[in-house]
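Undergrad: no sequence for this one, just the structure:
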């Protein structure tokens, strides 16, 4: 289990995603509403923005995320807002797995599983509709699920997403 802080911003930003060096994952989401930078960090950020900045940031989200692994004695998934499966699966298996997760954890707002062959299967816990997204985000980036949770909290929908890509700081 981990506490995750995510910020959404509409580019252009002063220096783009690099203006927040504390991000553990930086994404660019292209949607019907335009492009957004989504910056995720494990841990608590100062209220309103990345460390060293002041003021509030539209699209801020802080939540609990947990791996939905095969550990029957671990109870963190029960209280998680976001669940991510650690193992890449074929799409049909991922759909079944995500259905099981959202049924077992009704408080989960978003669950995601990496897909064999690339991309992620993602389900919004309120609609229970699984979508295949983020074909350019590798399976070792579970913070993607937290970024998508922030996307939903900001009032967007998963079906509005056209493309997601990792933005490298280097």
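TA: That came through fine. Remember, it's a predicted structure, so these values are computed and weren't measured experimentally.
Undergrad: Residue 100 belongs to a strand?
TA: No - Residue 100: not assigned to a strand; according to DSSP: H, G, I helix; E, B strand; the rest coil it is helix.
Undergrad: Determine the number of other residues adjacent to it.
TA: As a burial measure, residue 100 scores 12 neighbours (other Cβ atoms under 10 Å). Backbone N, C-alpha and C define where each C-beta goes, glycine included.
Undergrad: tell me the mean pLDDT for the helix or strand containing residue 3?
TA: Per DSSP states H and E, residue 3 falls inside strand 2-9. Averaged across strand 2-9, pLDDT comes to 87.
Undergrad: can you list contacts of the helix or strand following that strand?
TA: Going down the chain from strand 2-9, the next helix or strand is strand 25-31, by DSSP H and E. Strand 25-31 is contacted from outside by 11, 17, 20, 35-40, 137, 141, 143-144, 147, 151, 156, 160-169, using Cβ atoms under 8 Å, 6 or more residues apart in numbering.
Undergrad: Buried subset of these, written for PyMOL?
TA: Only the buried entries of the contacts of strand 25-31 go into this PyMOL selection, using 16 or more other Cβ atoms under 10 Å:
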select buried, resi 17+20+36+37+38+39+40+137+141+143+144+147+151+156+161+164+167
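Undergrad: can you give me the strands in this structure?
TA: 2-9, 25-31, 34-42, 60-67, 82-84, 110-114, 120-124, 130-133, 161-166 (DSSP state E).
Undergrad: possible to save those strands as a markdown table with distance to residue 96?
TA: Converted to a markdown table, these look like this (distance: least, Cβ to Cβ, whole Å):
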| stretch | distance to residue 96 |
| --- | --- |
| strand 2-9 | 26 |
| strand 25-31 | 27 |
| strand 34-42 | 27 |
| strand 60-67 | 18 |
| strand 82-84 | 15 |
| strand 110-114 | 10 |
| strand 120-124 | 10 |
| strand 130-133 | 10 |
| strand 161-166 | 23 |
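Undergrad: how about the ones you listed, which one is nearest residue 95?
TA: strand 130-133 (4.8 Å; Cβ to Cβ).
Undergrad: low-scoring stretches of this protein, by residue?
TA: 1, 12-22, 44-59, 69-78, 169-170 (pLDDT under 70).
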